[in-house]
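*Asks:* Sharing a model that was predicted from the sequence below.
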Amino acid sequence: MSGMLIIDFERSGGFAGIPVKATFSDQVLNEDELNDLRHLIENSDFLLLKNSDNPDRLSPDQFLYKISVVTTVYSHSVSLYEQEITPGLRPLIRLLLDIARRSKH
């Protein structure tokens, strides 16, 4: 996967209720970050994920993740509660959180 990559990422909820929100693109990320993100998107089955369909299952202080990925080939968005995050998706979310936190400084 190469070419255009735009990711909108948001984590909301949690005990403190402090959101983390960022937009990343191939224009601002370094080559290592781009390669890592592309690899994690491909290997996390991100494109197969569907939005959470049961907000009643949300526990107090749980996070809600919203991820939107746009490339020249596809566009896919998903909203998932913390308890619905698959093991394959966790590394992608960790990297997105790390990049979002670094980009605020």
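*Replies:* Yes, it's here. Numbering: from 1, shown residues only.
*Asks:* from here on, contacts and neighbour counts on C-alpha atoms
*Replies:* OK.
*Asks:* Quick check: the residue nearest to the spatial centre of the chain vs S12, distance?
*Replies:* Nearest to the geometric centre of the chain sits I67, at 4.1 Å (Cα atoms, centre = their mean). Going from I67 to S12 by Cα to Cα, to the nearest Å gives 12 Å.
*Asks:* What of N51?
*Replies:* Taken as Cα to Cα, the span from N51 to S12 is 15 Å.
*Asks:* L89 contacts L47, correct?
*Replies:* No: the criterion here is Cα atoms under 8 Å, and L89 misses it with L47 at 10.9 Å.
*Asks:* higher neighbour count, N51 and S12?
*Replies:* S12 (18 against 12; other Cα atoms under 10 Å).
*Asks:* For L64, give the beta-bridge partners.
*Replies:* Here L64 sits in beta bridges with S12, Y81, as judged by DSSP bridges.
*Asks:* what about it, how many neighbours?
*Replies:* Residues near L64, counting by other Cα under 10 Å: 21.
*Asks:* quick one: the helices in this protein?
*Replies:* Here the chain has its helices, by DSSP state H, at 31-43, 90-103.
*Asks:* what is the mean pLDDT for the shortest one?
*Replies:* In this case it means helix 31-43. Across helix 31-43, pLDDT averages out at 94.
*Asks:* just to revisit the earlier point, can you tell me which residues contact the residue nearest to the centre of the chain?
*Replies:* 7-10, 77-79 (Cα atoms under 8 Å, 6 or more residues apart in numbering).
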